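Peer 1: Structure here, sequence nowhere to be found:
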(Lines give C-alpha, C1' and ligand atoms only; values in the text may rest on other atoms or scores of the structure.)
Protein backbone atom coordinates (compact mmCIF):
# COMPACT_ATOMS: atom_id res chain seq x y z
CA UNK A 1 0.00 0.00 0.00
CA UNK A 2 1.14 3.54 -0.75
CA UNK A 3 1.75 5.58 2.40
CA UNK A 4 -1.14 7.89 3.20
CA UNK A 5 -3.58 6.26 0.73
CA UNK A 6 -4.41 3.04 2.57
CA UNK A 7 -7.56 4.44 4.27
CA UNK A 8 -8.87 5.53 0.85
CA UNK A 9 -8.30 2.26 -1.00
CA UNK A 10 -9.99 -1.08 -0.36
CA UNK A 11 -7.65 -3.87 0.70
CA UNK A 12 -6.06 -5.70 -2.25
CA UNK A 13 -6.34 -9.48 -2.05
CA UNK A 14 -3.09 -11.41 -2.44
CA UNK A 15 -2.24 -12.65 -5.95
CA UNK A 16 -3.96 -15.91 -6.86
CA UNK A 17 -6.85 -15.45 -4.43
CA UNK A 18 -9.53 -14.50 -6.99
CA UNK A 19 -12.97 -14.43 -5.47
CA UNK A 20 -16.23 -14.25 -7.46
CA UNK A 21 -18.38 -11.12 -7.07
CA UNK A 22 -20.73 -11.30 -4.16
CA UNK A 23 -24.47 -10.72 -4.38
CA UNK A 24 -23.97 -7.53 -2.37
CA UNK A 25 -21.51 -6.21 -4.97
CA UNK A 26 -23.92 -7.09 -7.78
CA UNK A 27 -26.81 -5.37 -5.98
CA UNK A 28 -24.70 -2.21 -5.71
CA UNK A 29 -23.61 -2.30 -9.38
CA UNK A 30 -26.85 -3.26 -11.15
CA UNK A 31 -28.79 -0.04 -10.42
CA UNK A 32 -25.92 2.07 -11.83
CA UNK A 33 -25.67 -0.08 -14.97
CA UNK A 34 -29.44 -0.06 -15.34
CA UNK A 35 -29.57 3.77 -15.19
CA UNK A 36 -26.82 4.06 -17.80
CA UNK A 37 -28.55 1.63 -20.17
CA UNK A 38 -31.88 3.44 -19.69
CA UNK A 39 -30.24 6.78 -20.45
CA UNK A 40 -28.64 5.40 -23.63
CA UNK A 41 -31.90 3.76 -24.75
CA UNK A 42 -33.92 6.94 -24.19
CA UNK A 43 -31.31 8.97 -26.10
CA UNK A 44 -31.55 6.51 -28.98
CA UNK A 45 -35.34 6.69 -28.97
CA UNK A 46 -35.27 10.50 -29.07
CA UNK A 47 -33.02 10.50 -32.15
CA UNK A 48 -34.71 7.63 -33.94
CA UNK A 49 -36.12 9.91 -36.67
CA UNK A 50 -32.66 9.90 -38.31
CA UNK A 51 -31.96 13.58 -37.77
CA UNK A 52 -29.47 15.23 -35.51
CA UNK A 53 -29.40 18.68 -33.94
CA UNK A 54 -26.75 21.15 -35.06
CA UNK A 55 -25.56 24.30 -33.28
CA UNK A 56 -23.04 26.17 -35.46
CA UNK A 57 -21.62 29.36 -33.94
CA UNK A 58 -19.04 32.03 -34.69
CA UNK A 59 -17.99 34.63 -32.11
CA UNK A 60 -20.07 37.29 -33.88
CA UNK A 61 -22.89 35.19 -35.37
CA UNK A 62 -25.03 32.10 -34.86
CA UNK A 63 -25.39 30.25 -38.15
CA UNK A 64 -27.55 27.40 -36.81
CA UNK A 65 -29.27 26.99 -33.48
CA UNK A 66 -30.99 23.68 -32.76
CA UNK A 67 -31.33 22.96 -36.49
CA UNK A 68 -32.42 19.47 -37.54
CA UNK A 69 -30.00 18.12 -40.17
CA UNK A 70 -29.27 14.65 -41.52
CA UNK A 71 -25.46 14.76 -41.43
CA UNK A 72 -22.44 17.00 -40.91
CA UNK A 73 -19.00 16.32 -42.42
CA UNK A 74 -16.29 17.90 -40.31
CA UNK A 75 -12.67 18.73 -41.27
CA UNK A 76 -11.11 17.31 -38.11
CA UNK A 77 -7.44 17.87 -37.36
CA UNK A 78 -7.02 14.07 -37.23
CA UNK A 79 -8.98 13.62 -40.47
CA UNK A 80 -12.35 14.37 -42.03
CA UNK A 81 -15.30 12.51 -40.50
CA UNK A 82 -19.08 12.42 -40.76
CA UNK A 83 -21.56 12.85 -37.93
CA UNK A 84 -25.09 11.46 -38.04
CA UNK A 85 -27.80 10.84 -35.45
CA UNK A 86 -26.67 8.53 -32.63
CA UNK A 87 -22.97 9.21 -33.32
CA UNK A 88 -20.64 8.31 -30.50
CA UNK A 89 -19.72 11.37 -28.41
CA UNK A 90 -16.52 12.99 -29.65
CA UNK A 91 -14.59 16.23 -29.24
CA UNK A 92 -12.45 17.27 -32.19
CA UNK A 93 -10.25 20.17 -33.12
CA UNK A 94 -11.00 21.44 -36.62
CA UNK A 95 -8.38 22.25 -39.21
CA UNK A 96 -8.89 24.75 -42.03
CA UNK A 97 -11.19 23.06 -44.52
CA UNK A 98 -14.73 22.50 -45.73
CA UNK A 99 -17.56 21.87 -43.28
CA UNK A 100 -20.51 20.23 -45.06
CA UNK A 101 -24.06 20.32 -43.68
CA UNK A 102 -26.54 17.88 -45.22
CA UNK A 103 -30.22 18.72 -45.03
CA UNK A 104 -32.85 16.07 -45.77
CA UNK A 105 -33.38 15.91 -49.54
CA UNK A 106 -31.23 18.96 -50.34
CA UNK A 107 -27.74 19.61 -51.65
CA UNK A 108 -24.97 19.91 -49.06
CA UNK A 109 -24.39 23.39 -47.66
CA UNK A 110 -20.63 24.04 -47.64
CA UNK A 111 -18.65 26.44 -45.46
CA UNK A 112 -14.93 27.07 -45.32
CA UNK A 113 -13.85 27.10 -41.67
CA UNK A 114 -10.48 28.38 -40.51
CA UNK A 115 -10.40 26.02 -37.52
CA UNK A 116 -12.41 25.57 -34.33
CA UNK A 117 -13.93 22.74 -32.33
CA UNK A 118 -16.72 20.22 -32.77
CA UNK A 119 -18.42 18.59 -29.77
CA UNK A 120 -20.81 15.73 -30.41
CA UNK A 121 -22.96 14.76 -27.43
CA UNK A 122 -24.63 11.40 -26.75
CA UNK A 123 -28.10 12.84 -27.45
CA UNK A 124 -27.44 13.46 -31.19
CA UNK A 125 -26.56 17.12 -30.65
CA UNK A 126 -23.40 18.56 -32.21
CA UNK A 127 -21.98 21.96 -31.30
CA UNK A 128 -19.52 23.53 -33.75
CA UNK A 129 -17.65 26.66 -32.78
CA UNK A 130 -15.32 28.38 -35.27
CA UNK A 131 -13.47 31.70 -35.21
CA UNK A 132 -14.51 32.32 -38.82
CA UNK A 133 -16.61 30.62 -41.51
CA UNK A 134 -17.69 31.63 -45.01
CA UNK A 135 -19.90 29.90 -47.57
CA UNK A 136 -17.83 28.47 -50.42
CA UNK A 137 -19.94 30.38 -52.96
CA UNK A 138 -18.90 33.68 -51.31
CA UNK A 139 -15.13 33.11 -51.63
CA UNK A 140 -13.32 35.29 -54.20
CA UNK A 141 -10.59 33.21 -55.86
CA UNK A 142 -8.57 36.31 -56.84
CA UNK A 143 -8.54 37.50 -53.20
CA UNK A 144 -7.42 34.05 -52.00
CA UNK A 145 -4.55 34.00 -54.52
CA UNK A 146 -3.52 37.55 -53.60
CA UNK A 147 -3.66 36.82 -49.85
CA UNK A 148 -1.65 33.62 -50.34
CA UNK A 149 1.11 35.45 -52.24
CA UNK A 150 1.19 38.24 -49.61
CA UNK A 151 1.50 35.62 -46.84
CA UNK A 152 4.37 33.90 -48.66
CA UNK A 153 6.13 37.25 -49.05
CA UNK A 154 5.60 38.10 -45.36
CA UNK A 155 6.94 34.69 -44.33
CA UNK A 156 10.09 34.99 -46.44
CA UNK A 157 10.88 38.46 -45.06
CA UNK A 158 10.11 37.58 -41.41
CA UNK A 159 12.82 36.62 -38.95
CA UNK A 160 12.94 32.85 -38.40
CA UNK A 161 11.07 31.85 -35.24
CA UNK A 162 9.40 35.24 -34.84
CA UNK A 163 5.72 35.92 -34.21
CA UNK A 164 5.53 37.49 -37.68
CA UNK A 165 6.85 34.26 -39.23
CA UNK A 166 4.30 32.17 -37.30
CA UNK A 167 1.42 34.45 -38.32
CA UNK A 168 2.53 34.36 -41.96
CA UNK A 169 2.77 30.55 -41.83
CA UNK A 170 -0.80 30.35 -40.52
CA UNK A 171 -1.97 32.71 -43.29
CA UNK A 172 -0.23 30.52 -45.89
CA UNK A 173 -1.89 27.35 -44.59
CA UNK A 174 -5.37 28.90 -44.30
CA UNK A 175 -5.22 30.45 -47.77
CA UNK A 176 -3.88 27.21 -49.28
CA UNK A 177 -6.75 25.26 -47.69
CA UNK A 178 -9.28 27.90 -48.79
CA UNK A 179 -7.88 27.73 -52.33
CA UNK A 180 -8.13 23.93 -52.34
CA UNK A 181 -11.77 24.21 -51.17
CA UNK A 182 -12.66 26.23 -54.27
CA UNK A 183 -10.42 24.31 -56.69
CA UNK A 184 -7.26 26.45 -56.74
CA UNK A 185 -3.84 24.86 -56.59
CA UNK A 186 -1.59 27.22 -54.62
CA UNK A 187 2.10 26.32 -54.27
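Peer 2: Looks like it arrived, so ask away. Quantities reported herein were computed from a predicted structural model and do not represent experimental measurements.

Peer 1: is it true that residue 153 lies in a helix?
Peer 2: Yes. Counting by DSSP: H, G, I helix; E, B strand; the rest coil, residue 153 is located in a helix.

Peer 1: Distance of it relative to residue 176?
Peer 2: Here the criterion is CB to CB, to the nearest Å. By it, residue 153 lies 15 Å from residue 176. The way it works is simple: take the backbone N, C-alpha and C, and place the C-beta from them, glycine included.

Peer 1: more crowded one of these two?
Peer 2: Between residue 153 and residue 176, counted using other CB atoms under 10 Å, residue 176 has the larger neighbour count: 19 against 11.

Peer 1: element containing the more buried one?
Peer 2: According to DSSP states H and E, residue 176 maps onto helix 163-181.

Peer 1: could you give the mean pLDDT of that helix?
Peer 2: If you average the pLDDT over helix 163-181, you get 94.

Peer 1: next one: stretch 149-159
Peer 2: 96.

Peer 1: Residues touching it, excluding its own?
Peer 2: 164-165, 167-169, 171-172, 175 (CB atoms under 8 Å, 6 or more residues apart in numbering).

Peer 1: Check which residues of that stretch are buried.
Peer 2: 151-152, 154-155, 158 (16 or more other CB atoms under 10 Å).

Peer 1: Columns distance to residue 108 on top of those, output as CSV?
Peer 2: Listed next are the buried residues of stretch 149-159 as CSV, based on distance: CB to CB, whole Å:
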residue, distance to residue 108
151, 29
152, 31
154, 34
155, 33
158, 38
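
Peer 1: The helix holding residue 176: which residues count as buried?
Peer 2: By 16+ other CB under 10 Å, the buried positions in helix 163-181 come out as 165, 168, 171-181.

Peer 1: and it, what other elements does it pack with?
Peer 2: strand 97-102, strand 109-113, helix 141-157 (3 or more CB pairs under 8 Å, 6 or more residues apart in numbering; DSSP states H and E).
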